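Participant: here's my sequence, what's the structure:
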Amino acid sequence: MAIYEYACLDCGEKFEALRSMNDADTPIACVQCEGGHTSRQLAVFFAQSGGRVVAGGNSACNTCSSNSCATCNS
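Facilitator: Predicted coordinates:
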């Protein structure tokens, strides 16, 4: 099971649903208007382990102006 993000193309509502990978693209009703005109969205995430970015980060640090940053290790 995974959490997928969806958007309703009728009312604009954005919502999440816990579904199996096999059902990820199966039509799902909107939680707001109950319409069936929804689309699965691309989820963007960020993961950090041991002080290093392991997913979703970029190579440049946006929080400091120096060439060496203890926050992002760049």
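Participant: got the buried residues for the helix or strand bottoming out on mean pLDDT in the chain?
Facilitator: Every helix and strand of the chain was ranked by mean pLDDT, DSSP states H and E. The lowest is strand 52-55, at a mean of 74. In terms of neighbour count (16 or more other CB atoms under 10 Å), strand 52-55 has its buried residues at Val53. All C-beta atoms are positioned from the backbone trio N, CA, C, and that covers glycine.
Participant: secondary structure class for the spatially most central residue of the chain?
Facilitator: Nearest to the geometric centre of the chain sits Ala43, at 2.5 Å (CA atoms, centre = their mean). Following DSSP: H, G, I helix; E, B strand; the rest coil, Ala43 is assigned to coil.
Participant: what's it in contact with, if anything?
Facilitator: Shown in contact with Ala43 (CB atoms under 8 Å, 6 or more residues apart in numbering): 4-5.
Participant: quick one: strands adjacent to the least confident helix or strand of the chain?
Facilitator: Partner strands for strand 52-55, per DSSP bridges, with pairing direction: strand 47-49 (antiparallel).
Participant: mind checking how far the partner strand is from the chain centre?
Facilitator: In terms of CA atoms, centre = their mean, to the nearest Å, the centre of strand 47-49 is set 15 Å apart from its chain centre.
Participant: where does the protein dip in pLDDT?
Facilitator: Applying pLDDT under 70 to the chain picks out residues 46, 55-74.
Participant: again, only this time at 50
Facilitator: For the chain, residues meeting the criterion pLDDT under 50 lie at 74.
Participant: now the strands for this structure?
Facilitator: Ranges of strands in the chain, per DSSP state E, are 2-8, 14-19, 38-40, 47-49, 52-55.
Participant: centre of the chain versus the least confident helix or strand of the chain, how much separation?
Facilitator: Relative to its chain's centre, strand 52-55 lies at 15 Å (CA atoms, centre = their mean).
Participant: contacting residues around stretch 1-14?
Facilitator: So stretch 1-14 is contacted by 15-21, 24, 28, 30-33, 35, 37-43 (CB under 8 Å, 6+ apart).
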